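Q: Whatever this is, show me its structure:
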Amino acid sequence: MRATLEAGASRREAISRRLERSAGSLEDTAANPEALAARAARASTKLVTAARSRRNGLRRLRGEAAEAHRRVSAERTTLSRRTVDLAGRLATARANAERLAEEVERAESAAATAGEEIQAEWGATLETARQEAEKHEESTDGERQTLARKLKRFGDVNLLALSQEQGLRERHEFVSAQRADAEAAANELNRIIHSVDGEIESRFAETFGRVREAFGEMVPRMLEGSSGVLDLSEEGVEIGLRLGRKGWRPLRVLSGGERALLALSFLFSVFLSRPGGDSGAFCVLDEAEAALDDLNLARFLSVVDSHRANGQYLLVTHQKRTMAAADVLYGVVQDASGATTVVSKRLQGE
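A: Have a look, this model is predicted:
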């Protein structure tokens, strides 16, 4: 490319000299314009032809330079790939060399360890052991291999097994004793649980029997001409009520007063189911008789009056008849200052 540029520069200088000579000739032919025009046309044609030829040559040279550049680039790429490949091989060779060096080091360490073991166990050096081994006949190789296989089947030998056996035996005995104690405690707990379950079932059955009997006696007193029964089911305690000729009625069809009397019958049945027939109850009833008419209210008060000697009943009520049947009335009043005061009045015994 540099040579081409130098040739172009030389060509330019030659053309410049020719132009100078042409300029001198123009002065001579200035008197003849037609000859001058013809000469200028011929010179222009020659210059155009020469320029085109030079341009084509330069294009050809540029193509050759581009092709050469492509070849150089391809060779450089090939060399780069070979360089990378060689670098990988070199790294692999270095790794193999390091691995071999480590193996040699381990072999030397193993040989040194074997020499120390031979010295400690047999009192001889590794070279002495090798010389003694060479004295034996080759027929001993089979026996040696057999013994080596038997020794290998033995596996690793724990040299501390005898000293550890006593500790493991004591630990086994301790754990066995602890396990026996735990099993005995578990058996005792199961026995206690079964005993408590049996006692609970027995007492519940006994108490439920008394409650059911008392309920059968209490329902006719609360609901005249009616009878009730208590039964056990998987869902709990079921209450059955028979209202005279109406037959057995489900609880959902009972009126509010009937439900209240039935609930009070169950409550008093629980109180009366205590052993000895003495309820000894302390009961708080909050407007339990609010839904009762006069007749049912009288029955309820008669039941309470029949058991007041064996218990205490605190009734919250707005019924005058309930207040008249009470022994003591308690009320809350508000004085002029706005403070509340509890007042009481005994109705019987005055």
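Q: name the helices or strands packed onto the helix or strand that contains residue 210?
A: Using DSSP states H and E, residue 210 falls within helix 161-222. With contacts taken as 3 or more CB pairs under 8 Å, 6 or more residues apart in numbering; DSSP states H and E, helix 161-222 sits against strand 226-233, helix 256-272, helix 294-306. Just so you know, the C-beta spots here come from the backbone N, C-alpha and C atoms, and that holds for glycine as well.
Q: what does the second one contact?
A: By CB atoms under 8 Å, 6 or more residues apart in numbering, the list of residues contacting helix 256-272 from outside reads 210-212, 214-215, 218-219, 221-223, 228, 230, 239, 241, 243, 251, 254, 279, 281, 283, 285, 288-293, 296, 299-300, 303, 307, 311.
Q: let's see 6 Å
A: 211, 214-215, 218-219, 222-223, 279, 281, 291-292, 296 (CB atoms under 6 Å, 6 or more residues apart in numbering).
Q: gap between residue 178 and residue 184?
A: 11 Å (CB to CB, to the nearest Å).
Q: what's the domain layout of the chain?
A: The domain map for the chain lists 2-88, 208-346, with the assignment taken from automatic domain parsing.
Q: Which one of the ones you listed lies nearest to residue 117?
A: Residue 117 lies closest to domain 2-88 among those, at 42.7 Å (CB to CB).
Q: Wait, residue 340 touches residue 332, no?
A: Yes - between residue 340 and residue 332 there is a contact under CB atoms under 6 Å: 5.4 Å.
Q: before we move on, back to that, what's the closest of the contacts of helix 256-272 to residue 195?
A: residue 211 (24.0 Å).
Q: The residue nearest to that closest one when sequence neighbours are not counted: neighbouring residues, count only.
A: The spatial neighbour of residue 211 that comes closest, neighbours along the chain excluded (CB to CB, 6 or more residues apart in numbering), is residue 273 at 4.3 Å. Residues near residue 273, counting by other CB atoms under 10 Å, number 19.
Q: Quick check, residue 273 in contact with residue 210.
A: Yes - with contacts defined as CB under 6 Å, residue 273 counts as touching residue 210 at a distance of 3.9 Å.
Q: Single out the most deeply packed of the domains of the chain.
A: Of all the domains of the chain, domain 208-346 carries the top mean neighbour count, a mean of 14, counting by mean count of other CB atoms under 10 Å.
Q: and that domain, how far from the chain's centre?
A: Relative to the chain's own centre, domain 208-346 is displaced by 56 Å; criterion: CA atoms, centre = their mean, to the nearest Å.
Q: and it, how far apart are its ends?
A: Domain 208-346 has an end-to-end distance of 38 Å (CA to CA, to the nearest Å).
Q: Begin at 218, not 1, for the rest of this chat.
A: Let's use 218 as the start, then, which means that last one is domain 425-563.
Q: That domain - what's its average pLDDT?
A: In this model, domain 425-563 has a mean pLDDT of 80.
Q: Summarise which helices and strands the helix or strand hosting residue 266 is packed against.
A: Element membership for residue 266 (DSSP H and E) is helix 250-339. When contacts are defined as 3 or more CB pairs under 6 Å, 6 or more residues apart in numbering; DSSP states H and E, helix 250-339 sits against helix 343-352.
Q: send the alpha carbons of the helix or strand that the helix it packs on is followed by over as PDB?
A: Next in sequence after helix 343-352, counting helices and strands by DSSP H and E, comes helix 357-371. C-alpha atoms of helix 357-371 as PDB (Å, rounded to 0.1, in the frame of the first residue of the first chain):
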ATOM      1  CA  THR A 357       4.600 -68.600  50.100                       C
ATOM      2  CA  ASP A 358       2.700 -66.000  48.000                       C
ATOM      3  CA  GLY A 359      -0.400 -68.100  48.000                       C
ATOM      4  CA  GLU A 360      -0.400 -68.600  51.800                       C
ATOM      5  CA  ARG A 361       0.300 -64.900  52.300                       C
ATOM      6  CA  GLN A 362      -2.600 -63.900  50.000                       C
ATOM      7  CA  THR A 363      -4.900 -66.400  51.900                       C
ATOM      8  CA  LEU A 364      -3.900 -64.900  55.200                       C
ATOM      9  CA  ALA A 365      -4.300 -61.400  53.900                       C
ATOM     10  CA  ARG A 366      -7.900 -62.200  52.700                       C
ATOM     11  CA  LYS A 367      -8.800 -63.700  56.100                       C
ATOM     12  CA  LEU A 368      -7.300 -60.600  57.900                       C
ATOM     13  CA  LYS A 369      -9.300 -58.300  55.600                       C
ATOM     14  CA  ARG A 370     -12.500 -60.200  56.400                       C
ATOM     15  CA  PHE A 371     -11.900 -59.500  60.100                       C
END
